[in-house]
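next come a sequence and a model predicted from it.
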Amino acid sequence: MYDMPTEIDVRAEGALRIITLNRPDDLNAVNDNLHVGLARLWQRLTDDSAARVAVLTGSGKAFSAGGDFSYLAELAEDAALRAKTIRDGREIVLGMARCRVPVIAAVNGPAVGLGCSLVALSDIVYIARDAFLADPHVQVGLVAADGGPLTWPLQISLLLAKEYALTGARIRAERAVQLGLANHVADDPVTEATACAQRIMELPQQAVESTKRVLNIHLERAVLASLDYALSAEHQSFTTEDFRSLVGRLAAGKG
């Protein structure tokens with residue numbers, strides 16, 4: 001559905017769209033195909049007039065383990081791929097912020113890097129008891145340009161946003177709810193997210209979508225204030241020796 005790559009599965013259940021990150025053997029780590037698909041997904045969801053609510057989750061044991069190390073190593077060497085990836089990153093962030101359809105994240109396992117960003121940009125979050133959030137961009141020598149540092153200052157204190165962005169520390173499920181980075185800890189996040197989606201679909205559509213837009217105007221303004229600088233800085237960090245060295249070791253399995 002939506003002409004997505006195989007790395008993203010979109011399934012319709014009436015007016016509900018179930019969106020599944022689909023690289024289970026790689027913990028749904030982000031490769032180029034998955035990144036491109038995410039950049040295109042949100043406008044297509046908005047344009048789907050039959051869609052009322054979406055549930056976003058991951059296949060297998062993880063929500064998403066973040067960037068695939070082989071993909072990151074490619075980005076260090078390929079200027080054209082870097083430029084495209086930065087453009088697509090902008091589309092992912094703004095696409096989610098502007099998406100007409102409420103997006104409920106069902107965090108079934110670790111949500112790291114871009115996975116954490118997708119959670120941060122979702123509208124409601126159910127997280128499994130053994131799941132965690134983490135943004136380790138800085139740990140691999142990258143500027144944290146999407147998701148977490150863009151949105152966390154709206155959701156938690158600036159001090160805590162700095163701590164988690166600068167250290168990449170894991171935020172366990174209970175702590176994520178305490179901080180306001182998730183709504184509910186769930187034994188079965190997909191089932192509970194789907195039940196929430198069903199409740200929203202029973203409400204008047206225009207009221208739901210316009211209320212989401214009212215709230216996300218704050219998000220979009222905050223994102224636009226720093227997004228271009230953040231992406232430019234991340235683009236630069238892909239070319240640093242720190243990034244090349246760290247990702248080279250990780251891609252070779254020596255992390």
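Received, thanks. What you see is a predicted model, and the numbers here were worked out from it, not measured in a lab.

centre-most residue in the chain?
The residue lying closest to the centre of the chain (Cα atoms, centre = their mean) is residue 118, at 1.5 Å.

for residue 107, see how far away that one is.
Residue 118 sits at a distance of 9 Å from residue 107 (criterion: Cβ to Cβ, to the nearest Å). Any C-beta I mention is one placed from the backbone N, CA and C, and that applies to glycine too.

give me every residue that touches the residue nearest to the centre of the chain.
With contacts taken as Cβ atoms under 8 Å, 6 or more residues apart in numbering, residue 118 has the following neighbours: 38, 56, 63-64, 92, 96, 105, 111, 147.

please, which helix or strand holds it?
Under the assignment given by DSSP states H and E, the secondary-structure element containing residue 118 is helix 114-120.

and the next element down the chain from that helix?
Next in sequence after helix 114-120, counting helices and strands by DSSP H and E, comes strand 124-128.

just checking: what are the partner strands of that next one?
strand 103-107 (parallel), strand 184-186 (parallel) (DSSP bridges).

go through those strands and pick out the most buried.
Looking across those with neighbours counted as mean count of other Cβ atoms under 10 Å, the highest average goes to strand 103-107: a mean of 28.

that one - what's its average pLDDT?
Averaging the model's pLDDT scores along strand 103-107 yields 98.

following it, which helix or strand shows up next?
strand 111-112.

what does that next one rub up against?
Around strand 111-112, the neighbours that count as contacts under Cβ under 8 Å, 6+ apart are 58, 62-66, 105, 118-119, 127, 131-136.

show me where the stretch 1-150 of the chain dips below the pLDDT cut-off.
For the stretch 1-150 of the chain, the stretches with pLDDT under 70 are 147.

after the top helix by length along the chain, next one along is what?
As assigned by DSSP state H, the longest helix anywhere in the chain is helix 205-237. Moving toward the C-terminus from helix 205-237, the next helix or strand (DSSP H and E) is helix 241-251.

compute the inter-axis angle for that next one and helix 205-237.
Inter-element angle recorded for helix 241-251 and helix 205-237: 110 degrees (by axes from the mean of the first three to the mean of the last three Cα atoms, to 10 degrees).

mind listing what's buried along helix 241-251?
243-244, 246-247, 250-251 (16 or more other Cβ atoms under 10 Å).

could you export it as CSV, CA atoms only?
Taking Å, rounded to 0.1, in the frame of the first residue of the first chain, the C-alpha atoms of helix 241-251 are listed here in CSV:
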residue,chain,number,x,y,z
GLU,A,241,37.0,11.8,11.2
ASP,A,242,35.3,11.0,14.5
PHE,A,243,32.2,9.8,12.7
ARG,A,244,34.2,7.8,10.1
SER,A,245,36.3,6.1,12.7
LEU,A,246,33.4,5.3,15.1
VAL,A,247,31.0,4.0,12.4
GLY,A,248,33.8,2.1,10.6
ARG,A,249,34.5,0.2,13.8
LEU,A,250,30.8,-0.5,14.3
ALA,A,251,30.2,-1.6,10.7
